[in-house]
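A.B. asks: Build me a model from this:
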Amino acid sequence: MSEQLTPEQIEQAEQERAQWVRAQFQKANEYLASKGIIPDNVAVTESRYLPPYFSVWKLNTKDKQSYWVVSGDLPTDHMAYAAAVSPREAVRAFSLRWQLKAQQIIDAGIHDKTQQDFANLLINRAHSLYDMFNQDNLWQEELAS
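C.D. replies: Next comes the predicted model:
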């Protein structure tokens with residue numbers, strides 16, 4: 001027997017989702033700004049959110065550059081928009097990038113627990129992102145276009 005949500009519960013869930021999306025958008029903007037990249041606007045139709053796991057944003061700058069930025073329950077990161085043709089492909093690109101970065105850390109020789117923890121985090125999140133990349137049901141909008 002499935003439990004029906006009340007209109008109040010549905011509204012609360014929608015508010016929590018919207019709050020999470022806003023927080024991730026702010027996190028993505030602050031991250032780019034910390035790298036000296038000043039975002040101007042977001043391409044909403046090319047961005048995707050999967051609360052509470054991750055969001056992938058296409059952010060445009062005043063100097064006509066565009067970037068994919070990933071944030072959520074994972075390291076915030078960015079890459080040039082040209083590196084991926086869609087949010088789904090950006091998720092795969094971040095996954096592969098993090099696997100390579102983790103391998104570089106391991107190959108360089110891990111000297112402390114912080115490096116070990118970061119390499120493990122990158123590997124774990126890379127695998128999770130790749131699993132999500134492979135789930136067609138998460139990308140129905142892209143499949144339809």
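A.B. asks: Can you show me the strands along this structure?
C.D. replies: Per DSSP state E, the chain carries strands over the ranges 39-42, 48-50, 54-61, 66-72, 77-80.
A.B. asks: Give me the distance between the residue nearest in space to the middle of the chain and T6.
C.D. replies: Taking C-alpha atoms, centre = their mean, the centroid of the chain lies closest to V70, which sits 2.7 Å from it. Counting by C-beta to C-beta, to the nearest Å, the separation of V70 from T6 is 34 Å. Quick note: C-beta positions are derived from backbone N, CA and C, even for glycine.
A.B. asks: ok, now L32?
C.D. replies: L32 is 39 Å from T6, where distance means C-beta to C-beta.
A.B. asks: quick one: which of the two has more around it?
C.D. replies: L32 (19 against 9; other C-beta atoms under 10 Å).
A.B. asks: how about that one, what does it touch?
C.D. replies: The contact partners of L32, taken as C-beta atoms under 8 Å, 6 or more residues apart in numbering, are 38-39, 59, 67, 69, 78.
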